[in-house]
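>>> Have a look; sequence and predicted model below, questions after that.
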Amino acid sequence: MTDQQIKLQALQMLKTFFGYQRFYPQQWQVINHVMHGHDAVVLMPTGGGKSMCYQIPALISQGCVIVVSPLLALMKDQVDALRANDIPAAAVNSQQSDTDNRTIIEHVYNGRIKLLYISPEKLLAEMETWSQHLQVSLIAIDEAHCISQWGHDFRPEYTRLGEVKQRFPQVPIMALTATADRLTREDIRHQLHIDDATIFETSFDRPNITLNVVAESTARQKLSRIVRFLKRHQGQSGIIYCLSRKTTETVAQQLCKLGYNAQPFHAMLPTQRKMTVQRDFVNDDLPIICATVAFGMGINKSNVRWIIHYNMPQNIERYYQEIGRAGRDGMPAEALMFYSFNDVATLTSFAQQSGQARVNMEKLHRMQQFCESTVCRRRILLNYFDETFDHDCHNCDVCSDPPERFDGTMLAQMALSAIKRVEQREGMTMIVDILKGSSKAELTLAGYHRLKTYGVGRDLTFRQWNAYMLQMLQMGLFYIAYEEGSHLKLTEYGTRVLYDKTGQERVMLSKYDPHAFESRQAAQARQKTIVPSAELVDKQLFEELRLTRTALARAQGIAPYLIFSDKVLTVMAQQRPTTFAEFAILFGVGETKAKRYWRPFTDTIRRYLNSN
Ligand code: ADP
Ligand code: ZN
């Protein structure tokens, strides 16, 4: 097939089965690449549309696509979603009976299954036979970061997946993940023996999530903030993450007393109870969950509208993963984090007792710096994940109330030049010493007192330099290479600033103020958190459509968001289709769902139009 033929078919499937007109960024490139038999590593944020990258190839090629997934709940969710669109998919795992698994495998052999979801153990067990007898068109490895010890979810059962390539040398492999720092990404290719795989990467930005951090320490203050926050999110689903089991219970109780429907969730609950809570949340029967980190891993629910961190998380990876559970459908969502020194103290003792104390302390430190920063939150996050993001986001609390800033381009160029002149082989402390012109023995021994940048920053104090260097780090001018003695290295953006001849690259720093954090805290007490922009949509009609969706989901025993996402309902409320033809061309309505659901939804719309 030519690229053009593949593209036509792929778009046809996208439209027929899913009701979408266009690919998301990189989806088409990935599909085309594997359709030509090449291996791929796909790095996209949550909600970036990773699954489509292997679902479309399954629909347009002969044979079966095997999807390796570590989480049983996610497998079920994906299979349900595909079946809702009449795509033949099934899962094989240890939770089903052997008979069920065998029947499914038989269907696979008969070509009746296009997508087979499987746990790593099961694939490894079946691999030898399958490689000889089964027509496999693609092997997708989801949550591929689990294979790396650098990643934060290392799973021993993933390490053996390196054997897959040897078993299926002719079959393209697609590794997918939403975590992708520099080190993990290299590790994935290496461990899966797909060293030549092309890396496809989209921005990790989640622009629809509004970011807020507030310094609030007492339970009373936090509760009153939560209540104000929930007023804006009436009836919407969200998660309150807490550090301890105890806190999940007290917060849930307090909210129930105030008339909210909230339940705690943590590892110590009986399995049955956990399953009920999770199911009720997914089915929109329980809007608020107060959870420890044990909650959320296996949940694909696309209409989580908000996340609150009752306590600061222990690192930026975790924070980003947790807020990422909101707004997968691309509609506005809101994240709020409470930050206090008490949390820092608790987390410090956790980190010190942990196996990797040094790394964990460093990560905690970066988290704390994030909270106290005067730099755009999104800039810090994305730069932390090695993505150059060189502008402010206008959708976080810092951007909505920016501190006083000055043109710090000269200072930045001094620092960048010093980093460059030591051949990017020194850490933060030495760079500041060079700029200050210190006479430390280490410095002179290395001959750094002869550098051109030696002493150019004498006019500032050590504290000022440290504060500005931190801002520059958070803005993405350089990064810390932890695997190389924490040396500072220029990013592409930093290089651009250093050699800028046009005068267009301006680095705006916020004035060093030893009391910046306290002043911000005081200002926050007066100020409200920033509110996501309201959509121009008829709230009442949306609500009616939501009820219709819930009723249908109940009747069919699947989660409401699997029928239509909030985004599709929003579009429906705007366009108000009243006929089959109008309904069938809506965004997110494929052929199967058009036939299955046009009546109940258009009835609701007609009823609404008549009574208004
Ligand atoms: P990920 O696995 O990367 O978190 P998903 O594959 O779950 O993301 O996709 C997130 C949402 O985006 C889903 O509701 C999916 O149907 C939708 N989606 C995927 N691709 C497209 C597209 N090309 N156009 C519109 N919506 C899409
Ligand atoms: Zn911002």
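That came through, no problem. Quick caveat: nothing in here was measured; it's all calculated off a predicted structure. Ligands and ions are numbered 1, 2, ... in the order given.
>>> Now the top helix by length along the chain: buried residues?
Using DSSP state H to define each element, the chain has its longest helix at helix 591-611. In terms of neighbour count (16 or more other C-beta atoms under 10 Å), helix 591-611 has its buried residues at 592-594, 596-598, 600-602, 604-605, 608. (Each C-beta comes from the backbone N, C-alpha and C, glycine too.)
>>> and that helix, average pLDDT?
Averaged over helix 591-611, pLDDT sits at 96.
>>> can you check stretch 405-425 too?
The model assigns stretch 405-425 a mean pLDDT of 96.
>>> now stretch 346-361
87.
>>> Just the buried positions in it, please.
Buried, per 16+ other C-beta under 10 Å, within stretch 346-361: 346-348, 351, 360.
>>> what residues does the longest helix of the chain touch?
16-17, 19, 84-86, 540-541, 544-545, 547-548, 551-552, 563-564, 572, 576-580, 582-584, 589 (C-beta atoms under 8 Å, 6 or more residues apart in numbering).
>>> measure residue 103 to residue 86 for me?
Separation of residue 103 from residue 86 (C-beta to C-beta, to the nearest Å) stands at 20 Å.
>>> my bad, residue 251
42 Å.
>>> Looking at these two now, which is surrounded by more residues?
Taking neighbours as other C-beta atoms under 10 Å, residue 251 and residue 86 compare with residue 251 leading, 23 against 15.
>>> can you pull the contacts of whichever residue of the stretch 1-150 of the chain sits closest to ligand 2?
The stretch 1-150 of the chain approaches ligand 2 most closely through residue 45 (16.7 Å), counting by C-beta to the ion. By C-beta under 8 Å, 6+ apart, residue 45 lies in contact with 178, 202-206, 324.
>>> at 6 Å what do you get?
178, 204, 206 (C-beta atoms under 6 Å, 6 or more residues apart in numbering).
>>> same thing with residue 327?
Applying C-beta under 6 Å, 6+ apart, one finds that residue 327 lies in contact with 208-209, 333.
>>> Let's see that with 10 Å instead.
46-47, 206-210, 302-307, 333-335, 532, 566-567 (C-beta atoms under 10 Å, 6 or more residues apart in numbering).
>>> follow-up on the earlier one: look up phi and psi at the residue of the stretch 1-150 of the chain closest to ligand 2.
Backbone torsions of residue 45, given as degrees, to the nearest 10, read phi -70, psi 170.
>>> host element of the residue nearest to it when sequence neighbours are not counted?
Residue nearest to residue 45 in three dimensions, not counting chain neighbours: residue 204, with 4.6 Å by C-beta to C-beta, 6 or more residues apart in numbering. Using DSSP states H and E, residue 204 falls within no helix or strand.
>>> Okay, domains of this structure per the record?
For the chain, the structural domains run 3-201, 209-397, 405-512, 539-611, going by automatic domain parsing.
>>> tally of neighbours for residue 452?
If we define neighbours as other C-beta under 10 Å, then residue 452 has 9 of them.
>>> same thing with the one 3 residues further on?
As a burial measure, the neighbour count of residue 455 was computed by other C-beta under 10 Å and equals 15.
>>> One more: residue 5?
The number of residues near residue 5, taken as other C-beta under 10 Å, comes to 11.
>>> can you pull the pLDDT of it?
Confidence for residue 5, expressed as pLDDT, is 92.
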